[in-house]
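Asker: Sequence and predicted model, in that order:
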Amino acid sequence: MSKIGPNIQNLLKSLPPGVTVVAVTKTRSSEEALEAYNSGLRVFGENRVQELTAKKAVLPPDIIWHLIGHLQTNKVRQAVAAASVIESVDSLRLLEALSMEAQRQERVIDCLLQVHIATEETKSGFTIGEIEQTNWSFLSGTLHSVRIRGLMGMATFTHDMEKVRSEFRSLARLFSETRNRCFNNNPQFTELSMGMSGDWKVAIEEGSTMVRIGTLIFGERKIKIK
């Protein structure tokens with residue numbers, strides 16, 4: 001018997017008001033995703049555009065799809081067509097490409113700025129300094145087809161929760177400073193996406209409004225034997 005439904009109910013009971021669960025369906029089947037939908041979730045996240053597009057085609061149309069993985073500029077057209085939110089905007093070049101493509105598709109795409117807060121070099125994102133030094137208010141005014149809704153970050157993959165807490169705290173501080181400096185009159189800059197299955201409780205304690213949860217909902221991924 002599947003534990004997806006009970007897992008979701010236990011998670012939702014533990015969340016404070018105002019925190020959104022993004023159900024990460026990476027490598028999960030459409031049937032598993034549908035079970036999560038039938039258990040009450042409506043926001044889903046995918047790492048790859050191709051997987052997002054394929055699942056969107058067969059799952060209920062009221063699902064809000066977030067792209068949470070690295071996005072290459074050659075996949076921007078498909079991403080804008082399929083996703084409601086791009087959480088992984090990690091460069092000005094990508095932000096500009098998204099705005100141009102969204103304009104071509106006659107829509108506005110919501111985006112989060114991904115910030116590199118972890119020690120692993122493999123993780124993408126703006127540096128804290130780049131966020132601090134950019135006039136996002138002016139930039140937003142020149143990019144008419146994207147809405148910058150907030151920040152996203154991934155902590156270092158470690159069992160040291162104090163290190164994780166420190167990284168989340170620095171991102172929360174950056175979020176607050178950026179909102180006050182550049183989005184003081186913009187009620188749409190509201191989202192701080194941080195926290196996954198292993199560290200979501202710490203993320204919420206430090207101010208997260210969105211947690212990206214996969215394993216905690218669907219269980220451990222099955223390893224394919226080649």
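Answerer: Great, that's in hand.

Asker: The residue most central in space within the chain in helix, strand or coil?
Answerer: Per Cα atoms, centre = their mean, the C-alpha nearest to the average position across the chain is that of Glu87, at 3.9 Å. At Glu87 the chain is in strand, as set by DSSP: H, G, I helix; E, B strand; the rest coil.

Asker: Now do the same for it: its pLDDT.
Answerer: pLDDT recorded at Glu87 is 98.

Asker: Go ahead and confirm it touches Ile68.
Answerer: Yes: using Cβ atoms under 8 Å, Glu87 is in contact with Ile68, at 4.7 Å. Glycine gets a C-beta too; all of them are placed from N, C-alpha and C.

Asker: Helix or strand with the lowest mean pLDDT in this protein?
Answerer: Taking mean pLDDT, DSSP states H and E as the measure, the chain has helix 136-142 as its least confident helix or strand, at a mean of 93.

Asker: which helices and strands sit right next to it?
Answerer: On a contact count with 3 or more Cβ pairs under 8 Å, 6 or more residues apart in numbering; DSSP states H and E, helix 136-142 meets strand 146-153, helix 161-182.

Asker: Mind checking these for the one nearest to Asn74?
Answerer: strand 146-153 (18.2 Å; Cβ to Cβ).

Asker: Any idea how far that closest one is from the middle of the chain?
Answerer: Remark: strand 146-153 is offset 9 Å from the chain centroid, using Cα atoms, centre = their mean, to the nearest Å.

Asker: Asn180 - how many residues pack around it?
Answerer: 10 (other Cβ atoms under 10 Å).
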